[in-house]
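Enquirer: Just a sequence and a predicted model for now, questions to come.
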Amino acid sequence: MQGTRLVWGGLLVAAPGVALEVVTGRPGTPSQEWVLRVLGTRHLLQGGLDLARPTRGLLRYGAAVDLLHAATCAGAVALSPAWRRVALLDGAGAVGLAAGGLFRARRPAPGAP
């Protein structure tokens with residue numbers, strides 16, 4: 001799951017315009033690309049922390065951040081028709097990442113009895 005997050009975050013940071021064009025079929029604006037770079041940076045930081053220190057608390061905190069992100073996407077779906085498709089895809093991805101983090105948080109740590 002962290003690998004997926006790191007690849008996705010790297011894509012958003014390195015090529016936000018490509019990601020927007022694939023999803024929307026049109027080029028992104030500079031402000032949209034800036035937002036995707038910020039979100040990509042968050043994914044890179046969260047994925048790095050998950051790899052470096054995958055404690056239950058950190059994984060749960062990360063899942064909460066992902067669910068908060070999904071909630072903002074739900075708001076965009078409801079209030080912004082222009083962003084509906086992007087928000088649906090991004091929100092579904094955020095829910096999936098949250099579920100993966102919560103699943104990993106339930107597993108015992110390596111070496112635990």
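Expert: Yep, that arrived. Numbers count the residues shown, from 1 in each chain.

Enquirer: What's the end-to-end length of stretch 68-87?
Expert: This stretch, stretch 68-87, spans 13 Å end to end (Cα to Cα, to the nearest Å).

Enquirer: Just want the most central residue of this structure.
Expert: residue 94 (4.9 Å; Cα atoms, centre = their mean).

Enquirer: avg pLDDT for the helix or strand residue 73 falls within?
Expert: Per DSSP states H and E, residue 73 falls inside helix 56-79. Helix 56-79 comes out with an average pLDDT of 94.

Enquirer: Residues contacting that helix, please?
Expert: Applying Cβ atoms under 8 Å, 6 or more residues apart in numbering, the contact partners of helix 56-79 are 39, 42, 46, 49-50, 83-84, 86-88, 90-92, 94-95, 97-99, 101-102, 104-105, 109. (Glycine included, C-beta is placed from N, CA and C.)

Enquirer: Which among these count as buried?
Expert: Among those, the ones that count as buried by 16 or more other Cβ atoms under 10 Å are 39, 42, 46, 49-50, 83, 86-87, 90-91, 94-95, 97-98, 101-102, 104-105.

Enquirer: what about the helices in this structure?
Expert: Listed in chain order, the helices found in the chain under DSSP state H are 2-14, 16-24, 30-52, 56-79, 84-106.
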